[in-house]
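Asks: Here you go, sequence then predicted model.
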Amino acid sequence: MHQATNRHKTTCCYCGVGCGIVVQQESNGQLTVEGDKSHPSSRGMLCSKGMNLHYTVMDQSDRLLYPQMRMNRSMPLQRVSWDAALERTAAVFKTLVEKHGPDSVAFYVSGQCLTEEYYLVNKLIKGFIGSNNIDTNSRLCMSSAVVGYKLSLGEDAVPVCYDDIEEADVFFVQGANPAWCHPIIWRRIEARKEANPNVKIISVDPRLTDTGRASDLHLPIRPGTDITLNYAIGRVLIEEKYLDEEFIIDHTDGFTEYREQVMARTVEEAADLCGITAADIRQAAEWIGRSKGFLSLWTMGMNQSVVGVSKNLSLINLHLITGRIGTPGNGPFSLTGQPNAMGGREVGGLANILPAHRDVTNAAHRTEMEKFWQGPVKIAEKPGLTATEMFQAMDDDKLKAIWIINTNPLVSMPDVNSVERALKKGRFVVVQDVSSRADTVAMADVVLPAAAWLEKEGTMTNAERRITYLPKILEAPGEALPDAEIIWRFAQKMGFGDRFNYKNAAEVYDEYVQTTTDTTLDITGLSHEILRRQRSVQWPQRMDAAVGKASVATPRLFADRKFFTPNQRAQIRTAPDGNASEPTDTDFPLVLTTGRVRDQWHTMTKTGRVAKLNQHIPEPFLQINPQDAAERDINTGQLVTVQGRRGEVRVKAQLSDDVRQGVCFLPMHWGKILHSTLGRTNNLTNSLVDPRSKEPDYKFTAVQVELYQKP
Ligand code: SF4
C-alpha cells in the first residue's frame, strides 16, 4: 500500500462536459483519478474515458520527446535542439511572408489547446504576421452552432447551464447521442427522469442509439430533414396555441415570416419527407408546448451539415416562439464537442474572429486589438482560411506553410485523401503534438514535442461557459514543452520578443482578460490566482470597479430578456428547409453518416493507448440495415467495401435495425496507423461545407456497399 503524497484538482481533457477530476500521485509515482465531488458540472461523476485518463500520461511509449526536423522529405526526421527547430521554422516563415505575403502561412489548431495557447497563436498570426489564417478543428464540430447563436441571439453564447437539466421536463435531443458522447450530462438527464417520471425525452436521429433507446419518443428522420421536422413542430405549436405571444411581440423580430414559412407545408407532408409519422410530430410538439422547462440539446447531426446553420436556427426558433429561454430549465443548448472549443472562440481562435468575440470584418474591433497588441502590422480585413480551405489552398500552392497543433487532420478532415495530397505538396509542415500516433507527424518537416494533460497549466471553458484552471502536476518527459511556451519562444525567434516576453501562462491569461473589458464575455474579475481558489466560474464575471471586487458569475443568460443583438431583440430567422448535400444515385444509393463510439476520442491518439477502452469496440464496423444488407447478400461479420465518389473503405459489416433503411454508419476514429487495412472513414466524406459556418457535411455522404471480393 503506497501512501498518497499529492492530490490535485483538475479537469478532464476529453469532451466539452468538462468534468472535475482529482488526480492522486502516489509516492511511487503512480497516478490514480477519481471524480471531483465538489465540481458543479460533474458532481463526482466520470465516464469511462475520464476514469482512465491517467493511463494516457503514464504510458510514455509513443511520446514525442525531442524536436526533430529534416531538410527534405526524402530524409528521415532527426533530433535537433529547440533553438535549431524554432530558428529554422522562423526563417522559413519570414522568407515565405516576405516572398508570398502573410497569407502564405497558416496555423491549424485544436479545441484541446488551452485558452492561453489559443490566445498566443491568434495574437501572433493576426497581430504580428498580418494574416487571419488561424483555424481550428472546432470548425469541424461547432461552427454552425456559433453562427446560429450569433444570428438569433446576437452572440456566440450558450444561454443555459447544466443546472437547467434539473429544472427541465422535456429534453429534445436532436442529432446527438449524449449517452455515449456526453455521458455525464446524460447521467444528469437520466437522474432527472428517474426523479420525475413525467419528464419526457425526445430523440431525433436516423439511428437508434442508447440515447434513443432511453427516450420516450425516438424520431428516426431521414438524414438532412431536421429543418422540415422543426418547422412542422413549429406549425403545431402555432396551431395549438402554445406560443408566448407577449414574448414574441416584446422581444423578437421575424415571427410573421416564420409563420408563413412553417404554414407552407402540412404536418403530413413534413412527416412524409422526414420518413416518420405525423402523429409523432404532433406528440413531440404537444410535449414541448405543455412543458414548463424545455431544453433542447444538439451536436454533430445538426452542426456537421451543409445546411447546419439553418438547422440550428430552426431549433432555436422553437424556443423563441414559445418564450422558452432565459428562465430555469429552458433554452437551446449546443453541446460542445471538445474540452476547450468554447475557450478557443473566446480568444478569437478562428479565421473570422478576434479576442472577446470581436469580428475581423469590423474596423472598430480591428483597431481596438491593433492598439492593444501594438504589433508591427495592421490586422487583415478579410477573414482567413478556414479548416477545409487551408488544405485546399495548400493543394493549389497558394498556402505554402502550415503549423498543425494538437490535432490530426490526416484522419479527421473530410475528403482526407485530398488533405494528404495537400500536405505532400506543401512547402513546409510543422507538427506540434504529444504523440507519434498522430498520423500527421509523418508529413512534417519539423516536429515539436508538446507537454500533455497534467504537464502544463492553463484554463479551459466547458459547454456551460464554465472556466476552470488546470494546474501543472507532472514534469513533461524529455524536452517536451507547454504549447504556450513553444509559441512565445517562436515569436521571439521571429523578432517579436518585446510583445511575447512571458514568464508563465498566468501572464498570458492576464493579458487576454484585459481584452474582455466591457464586452459581453467580460471576465475582468478573473485571473489564474482567483481560478485556483474558486476552481471554476461561468462567464461573464466582471471586475466591479465601484466596489473593487468581481461581480457574481452568470449561470444563465437573458434572464432580463435583453439579447445581444443591436436592438436587444432575438431574431427568428427562417430559411428554405431543403438539404444541399451530395445527391445519392443508382451508383451510390446509400447515405453514410459518421460519428463516435462510446470509449474512443477523435483519432484515438489518447484513448487508443488504453487497453480498457479498446475492449469496448476493438475494431471499426459498418452498421447497415438488414434489408439493405440482404439486397447485397451481406451478413454480419463479413468484410465489405464501402465505396464513395472520392475513395473507399474496407470494413466488417454489422447488420442492425438500429439504422434506418437507406442509411449506414461508420465510426470516425480509426486512421492508417491504427488500422492499416481499413482505409480512413474520411476517404469517403466530401468537402462540401455550410456556406455561412464553413462546417463540413460529415453526416451525409453518398456511398455504395458491396461484399469485399479478394482481387
Ligand atoms: Fe471527460 Fe466528457 Fe467523460 Fe466528463 S463526460 S469524464 S469531460 S469525457
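Replies: Now that the structure is in, tell me what you want to look at.
Asks: Report the contact partners of the residue in the stretch 251-400 of the chain that the ligand sits nearest to.
Replies: Residue nearest to the ligand within the stretch 251-400 of the chain: Pro339 (6.7 Å; CB to the nearest ligand atom). Quick note: C-beta positions are derived from backbone N, CA and C, even for glycine. By CB atoms under 8 Å, 6 or more residues apart in numbering, Pro339 lies in contact with 11-16, 18, 111-112, 460, 462.
Asks: ok, and which of those reach the ligand?
Replies: Of the residues in those, proximity to the ligand by CB under 6 Å from any ligand atom holds for 12, 14-15, 18.
Asks: Specify the local secondary structure of the residue in the chain positioned nearest to the ligand.
Replies: As assessed by CB to the nearest ligand atom, the ligand sits closest to Gly50 within the chain, at 2.4 Å. Put simply, Gly50 is helix when judged by DSSP: H, G, I helix; E, B strand; the rest coil.
Asks: So in terms of bridging, what pairs with Thr11?
Replies: Under DSSP bridges, the beta-bridge partners of Thr11 are Gly20.
Asks: Would you confirm that it contacts Val22?
Replies: No: here Thr11 does not reach Val22: they are 10.8 Å apart, not a contact under CB atoms under 8 Å.
Asks: out of these two, which sits in the more crowded spot?
Replies: Legend: neighbour count by other CB atoms under 10 Å for Thr11 and Val22, higher for Thr11 (29 against 18).
Asks: Pull the contacting residues for the more buried one.
Replies: By CB under 8 Å, 6+ apart, the residues touching Thr11 are 18-21, 39, 339, 460, 462, 468, 470.
Asks: Farthest-apart pair in those, please.
Replies: Longest distance between any two of these is 13.8 Å, between His39 and Pro339; criterion CB to CB.
Asks: what about the helices in the stretch 551-700 of the chain?
Replies: Listed in chain order, the helices of the stretch 551-700 of the chain (DSSP state H, counting those that start in this stretch) span 611-616, 626-630.
Asks: The first one - contacts with which helices or strands?
Replies: Translated: helix 611-616. Contact partners of helix 611-616 among helices and strands, from 3 or more CB pairs under 8 Å, 6 or more residues apart in numbering; DSSP states H and E: helix 48-51.
Asks: Which parts of the helix it packs on count as buried, going by neighbours?
Replies: Within helix 48-51, the residues that count as buried by 16 or more other CB atoms under 10 Å are 49-51.
Asks: repeat for stretch 206-216
Replies: Within stretch 206-216, the residues scored as buried using 16+ other CB under 10 Å are 206-212, 214-215.
Asks: hmm, who's touching that stretch?
Replies: In contact with stretch 206-216 (CB under 8 Å, 6+ apart) are residues 173, 176-180, 186, 190, 200-203, 205, 218, 220-223, 287, 591, 593, 623, 657-660, 663, 665.
Asks: Filter those down to the buried ones, PyMOL style.
Replies: Selection of buried members from the contacts of stretch 206-216 for PyMOL, criterion 16+ other CB under 10 Å:
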select buried, resi 173+176+177+178+179+180+186+190+200+201+202+203+205+218+220+221+222+223+287+591+593+623+658+659+660+663+665
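Asks: Among the contacts of stretch 206-216, name the ones in strands.
Replies: 173, 200-203, 218, 591, 593, 623, 663, 665 (DSSP state E).
Asks: Farthest pair within the ones next to the ligand among the contacts of Pro339?
Replies: The most widely separated members of these, counting by CB to CB, are Tyr14 and Gly18 (9.4 Å).
Asks: Please say which of the two ends up with more neighbours.
Replies: Counted by other CB under 10 Å, Tyr14 and Gly18 do not tie: Gly18 has more neighbours, with 27 against 23.
Asks: I'd say that one and Ile467 touch.
Replies: No: assessed by CB under 8 Å, Gly18 is found out of contact with Ile467, at 9.4 Å.
Asks: Identify the contacts common to the two.
Replies: Contacts common to Gly18 and Ile467, judged by CB under 8 Å, 6+ apart, are 460-461.
Asks: Leaving out the residues flanking it, which one is nearest to Ala90?
Replies: With sequence-adjacent residues excluded and distances taken as CB to CB, 6 or more residues apart in numbering, Ala90 is closest to Lys493, at 3.9 Å.
Asks: Averaging pLDDT per element, find the lowest-scoring helix or strand in this protein.
Replies: strand 549-550 (a mean of 68; mean pLDDT, DSSP states H and E).
Asks: which of the residues in the longest helix along the chain are buried?
Replies: The residue-count maximum for a helix in the chain (DSSP state H) belongs to helix 82-100. In terms of neighbour count (16+ other CB under 10 Å), helix 82-100 has its buried residues at 82, 85-86, 88-90, 92-93, 96-97, 100.
Asks: Could you list every helix and strand that it packs against?
Replies: Against helix 82-100 (3+ CB pairs under 8 Å, 6+ apart) you get strand 68-69, strand 105-109, strand 401-405, strand 428-433, strand 446-449, helix 483-493.
Asks: Mind doing that once more with 7 Å?
Replies: Secondary structure elements in contact with helix 82-100, counted by 3 or more CB pairs under 7 Å, 6 or more residues apart in numbering; DSSP states H and E, are strand 105-109, strand 401-405, strand 446-449, helix 483-493.
Asks: In CSV, list these along with mean neighbour count and distance to Phe391.
Replies: Shown next, in CSV, are those (neighbours: other CB atoms under 10 Å; distance: least, CB to CB, whole Å):
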stretch, mean neighbour count, distance to Phe391
strand 105-109, 26, 8
strand 401-405, 26, 8
strand 446-449, 25, 18
helix 483-493, 24, 22
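Asks: could those go into CSV alongside distance to the ligand and mean pLDDT?
Replies: Converted to CSV, the helices and strands packed on helix 82-100 look like this (distance: least, CB to the nearest ligand atom, whole Å; pLDDT from 0 to 100):
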stretch, distance to the ligand, mean pLDDT
strand 105-109, 20, 98
strand 401-405, 21, 98
strand 446-449, 24, 98
helix 483-493, 20, 98
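Asks: closest one to Pro566 among those?
Replies: strand 105-109 (30.8 Å).
Asks: so where does Thr211 fall, helix or strand?
Replies: helix 210-213 (DSSP states H and E).
Asks: tell me, how many neighbours does Leu613 end up with?
Replies: For Leu613, the neighbour count with other CB under 10 Å is 24.
Asks: Could you do Met494 as well?
Replies: 19.
Asks: now do Ser27
Replies: Per other CB under 10 Å, the neighbour tally for Ser27 reads 10.
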